[in-house]
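A.B. asks: Build me a model:
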Amino acid sequence: MDRLEGRVALITGAASGIGRATAERLAREGAAVVITDIQDEAGAVAAREFGEWGARAVFVHHDVTSEEHWTTAVARAKEEFGALDILVNNAGMGDLKTIEDTTLAEWERTVAIDQTGVFLGMKYAAEALAASGHGSVINISSIFGTSGGFGTSPAYHAAKGAVRTLTKNVALHWAEKGVRVNSIHPGFIATPILEQAKGTPVEQGMIALTPMGRLGRPEEIAAGVAYLASDDASFVTGLELYIDGGYMAR
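C.D. replies: Numbering: from 1, shown residues only. You can find the predicted model right below:
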């Protein structure tokens, strides 16, 4: 399938997990991919491995909380591949602390990565996306951007909730410019972050809360990103797409 032939995509947090799976899916559908992350070795490996099977891929070191890094990443996309058509704001972090245990520094760091990083991405990619003629932004939020979850991770919930409504706000602002903006809300996904929970009551609890009875796979989130990035979703903007095994249907 070559739905994205000729397109250029920038994916943050793409050295591993959902980000890497997304970068690979977009590349296999024909896009040139700019893999960005703070994990330099893993990011460089991903770009090299993609190149070995014929993809156009480059890695850029990128702290999503830095304005300078954003301008560099967008400029690199244009220098390497001539344009920027697709932006996937995937980089994120979280914890399981309660409101009482969360320090101000921890709150601000989570919000900076999970919320401000998305704002900066859209701000600094705006011009290139508008020039594309078929610009598409996919912001990775979470089921916890809509639900209260377990009553823990207040900074993560607050930031992911902000991403949900920021997505709709910018979707309306850019609708007449031909740039679509949507959010994806993953459920419990089997990524390296959850490796420490494998076989534990935490993992069992996540599975029990998922009507389909299993954890999701990064590739299943990537498939949703590929759809929203493509012309198959040409009349879709401001959408929140839940890929959660039925969690939010409860």
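
A.B. asks: can you list contacts of the helix or strand bottoming out on mean pLDDT in the chain?
C.D. replies: Across the helices and strands of the chain, mean confidence by mean pLDDT, DSSP states H and E is lowest for helix 201-209: a mean of 92. Contact with helix 201-209 is made by 188, 194, 197, 213, 214, 215, 247, as judged by Cβ atoms under 8 Å, 6 or more residues apart in numbering. Any C-beta I mention is one placed from the backbone N, CA and C, and that applies to glycine too.

A.B. asks: Enumerate every residue touching the third one.
C.D. replies: Yep, that's residue 197 we're talking about. By Cβ under 8 Å, 6+ apart, residue 197 lies in contact with 203, 206.

A.B. asks: Could you pull out the buried residues of stretch 177-185?
C.D. replies: Buried positions in stretch 177-185, judged by neighbour count with 16 or more other Cβ atoms under 10 Å: 178, 179, 180, 181, 182, 183, 184, 185.

A.B. asks: Pretty sure the third one sits against residue 236.
C.D. replies: Yes: assessed by Cβ atoms under 8 Å, residue 180 is found in contact with residue 236 at 6.4 Å.

A.B. asks: Between the two, which contacts overlap?
C.D. replies: Going by Cβ under 8 Å, 6+ apart, residues that sit against residue 180 and also against residue 236 are residue 228.

A.B. asks: quick revisit: could you dump the least confident helix or strand of the chain to CSV, C-alpha only?
C.D. replies: Output for helix 201-209, consisting of C-alpha atoms alone and laid out as CSV, is shown next (Å, rounded to 0.1, in the frame of the first residue of the first chain):
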residue,chain,number,x,y,z
PRO,A,201,-1.1,-7.8,39.0
VAL,A,202,-0.7,-4.4,37.2
GLU,A,203,-0.7,-6.0,33.8
GLN,A,204,-3.5,-8.4,34.8
GLY,A,205,-5.6,-5.4,36.0
MET,A,206,-5.1,-3.6,32.7
ILE,A,207,-6.2,-6.7,30.8
ALA,A,208,-9.2,-7.1,33.0
LEU,A,209,-10.3,-3.5,32.4
